[in-house]
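Asks: Pasted the sequence and its predicted model underneath.
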Amino acid sequence: MKKKTCSLITMLLCLPALVWAAGLPTSEGAASELRSWKPFTADGLHDPSNPAMVELQQPGEAMAMFPKDFGQIGNQVDWVRALEQGVIVPRTNIFPDTYIEVLDLDIIMNRTSQMALVRFPHKAHTQWLECSNCHDKIFKKKAGSTPVNMFAILMGEYCGRCHGAVAFPLTECRRCHSVPRRAFTGNVGAQKGAGKTYKPVMDQKAVGINQ
Ligand code: HEC
Ligand code: HEC
Ligand code: HEC
């Protein structure tokens, strides 16, 4: 319990520093050249003495041709574009009666303090996930009604259930905080019409703070 309280305080203290760091220019272009994957025998996850190891395709070989995410970020693949471009064609369902629904609806979230607004794209999510993965346990089905905040996200709640675990990490502030506050003149919440189409992550324009 004591340890938990301590790390909570550390995180609270760190948030302003993170906001500050989010405003710094990055060397993202150069980082793209740093993509590299450890072989299974050296990743610390697989048993190198397992005789079946030679049968596995190495991650470097499997993923090098996939659309790029920046070096050292997650597993360095832009998975949303990999799916869009048909580079990967995952099976949509195992059971024939699973109902697949892709929803193209963006939600703009504005409780972001000095950070740019958050654009949550339903499309990029419902291409992989069912509605029930998020509704209504994690998020209510009414924009603005879930008490989302960055601290809880960093603690693994809300967006942090997946981001930092199976989806791109929470250090990529701008990928969620992607809408400059000053440039946004519409209404927050659910957006009218189809969602915005994202460029490949390598080509996305960085958004600073206080914009
Ligand atoms: C990855 C998580 C996630 C998935 C999967 C997801 N949603 Fe959502 N949904 C959200 C979030 C986040 C909000 C905004 C909640 C808030 O602001 O309190 C939202 C809001 C909504 C809203 C409210 C819009 C409004 O007008 O206020 C509806 C309706 C909705 N979702 C329907 C769906 C349907 C239908 C599916 C499946 C096809 C789905 N969602 C899948 C995260 C998700
Ligand atoms: C996976 C998406 C995601 C990422 C990545 C992300 N945020 Fe957030 N952030 C959110 C959401 C969602 C909110 C709440 C918005 C709302 O409820 O209107 C939020 C809110 C905030 C707030 C408002 C104050 C608070 O405590 O809630 C700050 C400040 C913030 N984020 C900073 C950051 C910084 C700095 C980073 C990078 C280290 C970051 N965020 C990365 C989604 C994200
Ligand atoms: C149930 C799991 C889950 C939750 C909860 C979730 N995401 Fe995601 N998100 C994903 C997955 C999976 C992807 C696709 C893989 C990737 O980009 O890493 C994704 C991708 C994204 C993208 C990239 C879209 C693109 O076109 O590149 C954004 C932005 C995003 N999420 C924002 C959010 C925000 C903001 C929240 C919280 C309001 C959230 N996500 C909650 C799983 C989730």
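Replies: Happy to help now that I have it. Ligands and ions are numbered 1, 2, ... in the order given.
Asks: For the protein, which residues are neighbours of ligand 1?
Replies: Neighbours of ligand 1 within the chain, by CB under 6 Å from any ligand atom: 101, 103, 107, 109, 120, 122, 125-126, 129, 131, 133-135, 139-146, 189-190. In this view, the C-beta of every residue, glycine as well, is placed from N, C-alpha and C.
Asks: Within reach of ligand 2, which of those are there?
Replies: Answer for these near ligand 2 (CB under 6 Å from any ligand atom): residue 109.
Asks: From the residues of the chain next to ligand 1, which land in strands?
Replies: The members of those that map onto strands under DSSP state E are 107, 109, 120, 189, 190.
Asks: Please spell out the PyMOL selection for the buried subset of those residues.
Replies: Listed next is the PyMOL selection for buried residues among these, using 16 or more other CB atoms under 10 Å:
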select buried, resi 107+109+120
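Asks: will you turn the ones in strands among the residues of the chain next to ligand 1 into TSV that also has pLDDT?
Replies: Putting these into TSV (pLDDT from 0 to 100) gives the following:
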residue	pLDDT
107	98
109	98
120	98
189	98
190	98
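Asks: which ones among the ones in strands among the residues of the chain next to ligand 1 come in contact with ligand 3?
Replies: residue 120.
Asks: out of the ones in strands among the residues of the chain next to ligand 1, who's nearest residue 161?
Replies: residue 120 (13.4 Å; CB to CB).
Asks: re the thing from before, now which of the residues of the chain next to ligand 1 would you call buried?
Replies: By 16+ other CB under 10 Å, the residues of the chain next to ligand 1 give 107, 109, 120, 122, 125, 126, 134, 139, 143 as buried.
Asks: Could I get the contacting residues of the second one?
Replies: Read that as residue 109. Residues near residue 109 by CB atoms under 8 Å, 6 or more residues apart in numbering: 117, 118, 119, 120, 143, 144, 148, 188.
Asks: What residues are bridge-paired with it?
Replies: Beta bridges link residue 109 to residue 118 when assigned by DSSP bridges.
Asks: Which residue is most remote from the mean position of the protein?
Replies: The centre of the chain is farthest from one residue, residue 51, which by CA atoms, centre = their mean lies 35.2 Å away.
Asks: quick one on the thing from earlier: mind putting the ones in strands among the residues of the chain next to ligand 1 in TSV, distance to residue 95 included?
Replies: Formatted as TSV, these follow (distance: CB to CB, whole Å):
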residue	distance to residue 95
107	29
109	33
120	28
189	34
190	30
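Asks: Of the ones in strands among the residues of the chain next to ligand 1, which is the nearest to ligand 2?
Replies: residue 109 (3.3 Å; CB to the nearest ligand atom).
Asks: Tell me the one of the buried ones among the residues of the chain next to ligand 1 nearest residue 166?
Replies: Using CB to CB, these come closest to residue 166 at residue 125, 12.0 Å.
Asks: can you pull the contacts of that closest one?
Replies: Residue 125 neighbours (CB under 8 Å, 6+ apart): residue 134.
Asks: quick one: it from residue 200, how far?
Replies: 18 Å (CB to CB, to the nearest Å).
Asks: same question, residue 120
Replies: The value you get for residue 120 to residue 200, if CB to CB is used, is 19 Å.
Asks: how about low-confidence regions in the chain?
Replies: 1-33, 206-211 (pLDDT under 70).
Asks: Kindly report the residues of it close to ligand 3.
Replies: Counting by CB under 6 Å from any ligand atom, the residues of the chain near ligand 3 are 79-80, 118, 120-121, 124-125, 128-129, 133-134, 138, 158-159, 161-163, 166-168, 175-176, 198, 201.
Asks: Right, I'll leave it there.
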